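> Model the following, please.
(3 chains)
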Amino acid sequence: MPELPEVETVRRSLQPAIQGRVLTQISILEPRLRFPVRAEQFEPYFGRRLKKIRRHGKYLVMLFQDSESAIVIHLGMTGRILIAQPRETKWVHFKFLFETTEVAYIDPRRFGFIIPGKLEALKKNILPGGMDALSPKMNGEYLFVNLAHRKTSIKDALMNQAVLAGLGNIYASEILSDAHIHPASQCFNLDLDAYKSIVQSMTKILKIAIRNKGTSMSDFYYGYGQQGKYQNLFRVYDRQGLPCPDCNTLIEKMIQSNRSTYYCPLCQKIP
DNA sequence: CGCACCCCCTGCCGGC
DNA sequence: TGCCGGCAGGGGGTGC
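As a prediction, the model looks like this:
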């Protein structure tokens, strides 16, 4: 579920609801996540006012006023953050209370996590090292310098969070389709123009996806329980056998690193 | 460093 | 109808 557009959608739904409010309580209902949650870790945060929620790649960072401490949240595959009264309660792991506003974290597969700590330590140890895909500093030169020496496929490389933070399996396919680059192209065979074109498509696709509140294939919800609409705009993802939006050739599916990749065999040629 | 593989966990879907 | 295998948006670890 949650790649950059979904995480940004969650951030935008959450921030206006709790910004400037004081964290008054945390209840742990199901501590088992990727890293177990312990209630006492959060005691230092009680009485702190939420300054801002930032996003880096697929990670959310809660910042508090007058504090060097922060809270990092990652949604894994099936994590959801809902405000007020979530209609489902089966997989609620923890709840924040910001004054009168309740925020619940739900995660059936438990691949997500929440980690409190000093911001500098979290940056060093938890947050991914790659540049955020929508950073103002992102450009074709950055990707070229960081990828063009590699032998690996461009699709796998775009999902490497240590280089580029934010893309996952859906948007990597979507972006390469828009850029007319074959997902199995080896990084070292792509020239600077190709990387520039990837960045152009990446910016375009991610912004459209954010405008559409991300992708809700089966279980992505945000805010008060709304769903995203980008799945209706998929160019290739989950569309094997359906026509390419640019040339009507039938979309194909292949497996790369054990994960599905979708592409147009006519538009996307290996250089 | 790259890469092929495995793991974590639950839910859902299609085939038999 | 029920069982079973395969697959799903995530990251991380290992051994070569």
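> Tell me the residues of chain A that contact DNA strand B?
With CB under 7 Å from any atom of the strand as the criterion, chain A meets DNA strand B at residues A:34, A:90-91, A:108-111, A:149-153, A:156, A:186, A:218, A:257-258. No exception for glycine: its C-beta is placed from N, CA and C like everyone else's.
> Which among those count as buried?
Burial by neighbour count, judged by 16 or more other CB atoms under 10 Å, picks out A:34, A:91, A:108, A:110, A:150, A:153, A:156 from the residues of chain A next to DNA strand B.
> got a markdown table for the residues you listed, with secondary structure, pLDDT and distance to DNA strand C too?
Rendered in a markdown table, the data for these read as follows (DSSP: H, G, I helix; E, B strand; the rest coil; pLDDT from 0 to 100; distance: CB to the nearest atom of the strand, whole Å):
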| residue | secondary structure | pLDDT | distance to DNA strand C |
| --- | --- | --- | --- |
| A:R34 | coil | 93 | 7 |
| A:W91 | coil | 92 | 13 |
| A:P108 | coil | 92 | 9 |
| A:R110 | coil | 93 | 9 |
| A:R150 | coil | 90 | 15 |
| A:S153 | strand | 93 | 15 |
| A:D156 | helix | 94 | 11 |
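> which one of those residues is nearest A:S197?
If you rank these by distance to A:S197 using CB to CB, A:S153 comes first, at 16.6 Å.
> bridging residues for the closest one?
Beta-bridge pairing for A:S153 (DSSP bridges): A:Q186.
> pretty sure it is touching A:N189, no?
No. In terms of CB atoms under 8 Å, A:S153 does not count as a neighbour of A:N189; the distance is 10.2 Å.
> which neighbours do these two share?
Common neighbours of A:S153 and A:N189, counting by CB atoms under 8 Å, 6 or more residues apart in numbering, are absent.
> For the residue in chain A positioned nearest to DNA strand C, which residues are in contact?
Distance from DNA strand C to each residue of chain A (CB to the nearest atom of the strand) is smallest for A:G168, at 1.3 Å. Shown in contact with A:G168 (CB under 8 Å, 6+ apart): A:2-3, A:58, A:159.
> Likewise for A:L4?
A:L4 neighbours (CB under 8 Å, 6+ apart): A:55, A:57-58, A:132-134, A:165-167, A:171, A:206, A:209.
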